[in-house]
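In: fold the following, please.
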Amino acid sequence: MSESTNLVTKFAEIAFERFDLTMKDLSTEEIDWQPLKETNSIRWILLHLSQQWNVGIHRILKGAPEYRPENWPKDYVDNRSYSLDRVLKDLEMGRRQLLNGLAKLTPAELEAEIPLWGGRRKRQYGLLLYLSEIFHHVGQIAFIRGAIKRRKQSDDHLPT
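Out: Numbers count the residues shown, from 1 in each chain. Model prediction:
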């Protein structure tokens, strides 16, 4: 693996490490709670991340903006019927495929310009942007879980 590919892969591994720490002991009771009705729930964040890991990042890896895996539901992010177990399995599948895809990239492929939002950008740019989303959403999940923990001290009706 080249130095540049190794750095992108290391960034991904650190992001996944932070994700795992934030998700430790997550309960099904926590995933639908929202501090305000206008905010995202943990369920929505996990569905969004799963869509990114299973679809969006592979569009960047392949340089194919319309890529969608066969049998991937079009309504995935908004489908609240998926169990936590299913979403976690989907996330794990996306993580494995993402890391495998990164491992195969050459320096030239990282530097290649591909179609991205509103124009052409280097593949590395798109990958790093998507990987940074993990840190962003980990912060949201940590906030929600912390709010639940603090509010439970005075409200017995919050998730356990």
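In: what sits against the most centrally placed residue in the chain?
Out: Centroid-nearest residue in the chain, with CA atoms, centre = their mean: residue 49, separated by 2.7 Å. Each residue near residue 49 by CB atoms under 8 Å, 6 or more residues apart in numbering is listed here: 19, 91, 133, 134, 137. Just so you know, the C-beta spots here come from the backbone N, C-alpha and C atoms, and that holds for glycine as well.
In: report the separation between the second one and residue 145.
Out: Counting by CB to CB, to the nearest Å, the gap from residue 91 to residue 145 is 17 Å.
In: check the third one too.
Out: When CB to CB is the yardstick, residue 133 and residue 145 sit 18 Å from each other.
In: which one of the two has more residues nearby?
Out: Higher neighbour count among residue 133 and residue 145: residue 145, with 20 against 17, using other CB atoms under 10 Å.
In: could I get the pLDDT score of that one?
Out: Per-residue confidence (pLDDT) for residue 145: 94.
In: helix or strand: which one has it?
Out: Secondary structure assignment for residue 145, by DSSP states H and E: helix 123-152.
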